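J.: Turn this into a model:
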Amino acid sequence: MVAQTYQLPDLRSFFPRKPGGAISPHFKGAYRGYNEWVSNTLGHYFSIEVYNAEMPLLAALTYPFATELELRAILDYMTVSFMLEEMTDRYSSAKALKNSEKWLKTLEDGQTGANSRHPFLKLMSREMMDRLKSAVDPFHWPQFISTNVDFARNTVREALDREASKGIHSTRDLHSYMITRRETIGTRPCFVLMRSTRRLYIPDSVLEEDAVKGMENAALDMVYIANDIYSFKKEQGDNGALNNIITVILKDPDTSHLDLQGSINYAGDLFKAALDEFHAYRGRIPPFDSDMDKYLSAYADGLIDWVIGNIEWSIVNNRYKVFSSDSDRRSNIIRLGKRYNLHLPSVICFILLVAFILVYRHDPTTLRLYVPRYVSSSFSSSFVQ
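T.: Residues are numbered from 1 along each chain as shown. Model (predicted):
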């Protein structure tokens with residue numbers, strides 16, 4: 001199959017500088033410690049997933065002021081939130097709700113997971129929550145839990161949306177997608193951790209002020225738009241990128257006239273609009289006392305660090321594999337196969353399944369031919385009577 005090339009927007013070029021510096025000086029130490037823990041603790045499958053995500057790099061790029069202890073705790077939370085996605089993405093809304101409730105309760109009290117059948121919830125209770133809570137400033141812990149309540153609730157809402165979407169041709173509204181995606185990206189709790197690492201003691205009453213809230217929401221918009229742009233290639237191969245802003249742009253009645261390149265360009269324009277909104281809201285923040293004004297200025301810089309760090313990580317991480325070569329990366333060229341051909345293996349599997357069912361109905365003993373020799377006879381006999 002000949003890949004088609006598309007031009008991605010150069011999102012990094014919108015930022016002349018990164019206020020907090022390039023990367024945390026504690027990256028190497030956090031990288032070694034975390035990867036050693038992953039190797040010794042997580043199963044083979046999830047270890048591969050975690051390694052490909054390159055979370056130590058994401059943490060070091062988005063939290064340049066964090067100590068090594070804080071980076072390690074942040075990596076615990078990134079792993080915890082990654083596992084919440086795993087515990088909800090693959091299940092019905094009812095199962096997703098049950099899993100998210102257990103996950104959140106474990107996050108809140110640190111103990112609920114100890115009695116769970118789920119091995120990861122046990123791991124959260126056994127060691128991860130102690131590290132996380134010890135590294136988060138007590139002032140920020142209630143805000144951290146509150147934002148995770150919203151995050152867990154929205155992961156369930158996303159599961160409901162998946163059930164309501166009956167395939168690749170379902171219609172989605174761009175505006176409603178953007179409002180929902182702002183919360184399901186899971187970055188709002190990460191912003192609380194960022195305030196903790198920078199010792200920014202901003203109370204809820206100030207965070208709820210219109211300009212401050214608007215600035216934070218604009219930063220969240222930049223994070224998920226960039227994430228959707230850079231993950232589109234991977235998601236298209238996985239599930240047709242059903243929950244991606246580029247696909248939503250292609251389906252929305254107001255933008256459905258755009259082709260794929262036009263939709264990518266439109267997503268880039270939305271990112272730039274969010275950046276403009278960020279600066280506009282930042283300029284409208286009213287004066288408080290001198291300490292709070294310093295906190296808010298530092299918070300705005302921290303949000304920009306997070307947005308830039310997310311872009312830098314998205315471009316190079318092995319999970320997305322955005323670019324096929326260094327030349328493509330320098331030129332922001334992405335190579336994609338034809339959209340629907342990427343689903344051919346699924347179609348083939350479906351056809352083979354139907355054929356197998358038809359053969360089995362005709363002659364049930366046929367199943368014996370397909371039972372591997374290492375499967376016990378008692379197991380196979382449960383299928384073939």
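J.: Which secondary structure state does residue 335 sit in?
T.: State at residue 335, reduced to three classes by DSSP: H, G, I helix; E, B strand; the rest coil: strand.
J.: Apologies, that question was intended for residue 256.
T.: Under three-state DSSP, residue 256 falls in the coil class.
J.: Show me what counts as buried in the longest helix seen in the chain.
T.: Counting residues, the longest helix in the chain under DSSP state H turns out to be helix 210-239. For helix 210-239, burial by neighbour count (16 or more other Cβ atoms under 10 Å) applies to 212, 214-233, 235-236, 239. Bear in mind the C-beta positions are built from the backbone N, C-alpha and C, glycine included.
J.: which element follows it toward the C-terminus?
T.: helix 245-251 (DSSP states H and E).
J.: Please name every helix or strand in contact with that next one.
T.: In terms of contacts (3 or more Cβ pairs under 8 Å, 6 or more residues apart in numbering; DSSP states H and E), helix 245-251 is packed against helix 174-184, helix 210-239, helix 260-283.
J.: So which of those is nearest residue 94?
T.: helix 174-184 (18.2 Å; Cβ to Cβ).
J.: what comes into contact with the closest one?
T.: With contact meaning Cβ atoms under 8 Å, 6 or more residues apart in numbering, helix 174-184 is reached by 150-151, 154-155, 157-158, 161, 217, 220-221, 224, 228, 243, 245, 248-249, 252, 254-255, 270.
J.: That one to helix 260-283, inter-axis angle?
T.: With axes from the mean of the first three to the mean of the last three Cα atoms, to 10 degrees as the basis, helix 174-184 and helix 260-283 are set at 60 degrees to each other.
J.: Quick one: mean pLDDT over helix 174-184.
T.: Averaging pLDDT along helix 174-184 yields 91.
J.: what's the angle between the helix or strand following that helix and helix 210-239?
T.: As assigned by DSSP H and E, the chain's next helix or strand after helix 174-184 is helix 188-197. Relative orientation of helix 188-197 versus helix 210-239 (the same axes, to 10 degrees): 130 degrees.
J.: next SSE after helix 188-197?
T.: Helix 188-197 is succeeded, C-terminally, by helix 204-207 (DSSP H and E).
J.: List the buried residues of stretch 288-300.
T.: 292, 295, 296, 298, 299, 300.
J.: Name the surrounding residues that touch that stretch.
T.: 195, 198, 200, 201, 202, 206, 212, 215, 282, 285, 287.
J.: Out of those residues, which end up buried?
T.: Neighbour counting by 16+ other Cβ under 10 Å classes 195, 198, 200, 202, 206, 212, 215, 282, 285 among the contacts of stretch 288-300 as buried.
J.: now these as JSON lines including pLDDT and distance to residue 324?
T.: Putting the buried ones among the contacts of stretch 288-300 into JSON lines (pLDDT from 0 to 100; distance: Cβ to Cβ, whole Å) gives the following:
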{"residue": "195", "pLDDT": "98", "distance to residue 324": "38"}
{"residue": "198", "pLDDT": "97", "distance to residue 324": "37"}
{"residue": "200", "pLDDT": "98", "distance to residue 324": "40"}
{"residue": "202", "pLDDT": "98", "distance to residue 324": "43"}
{"residue": "206", "pLDDT": "98", "distance to residue 324": "46"}
{"residue": "212", "pLDDT": "98", "distance to residue 324": "41"}
{"residue": "215", "pLDDT": "98", "distance to residue 324": "36"}
{"residue": "282", "pLDDT": "98", "distance to residue 324": "37"}
{"residue": "285", "pLDDT": "98", "distance to residue 324": "43"}
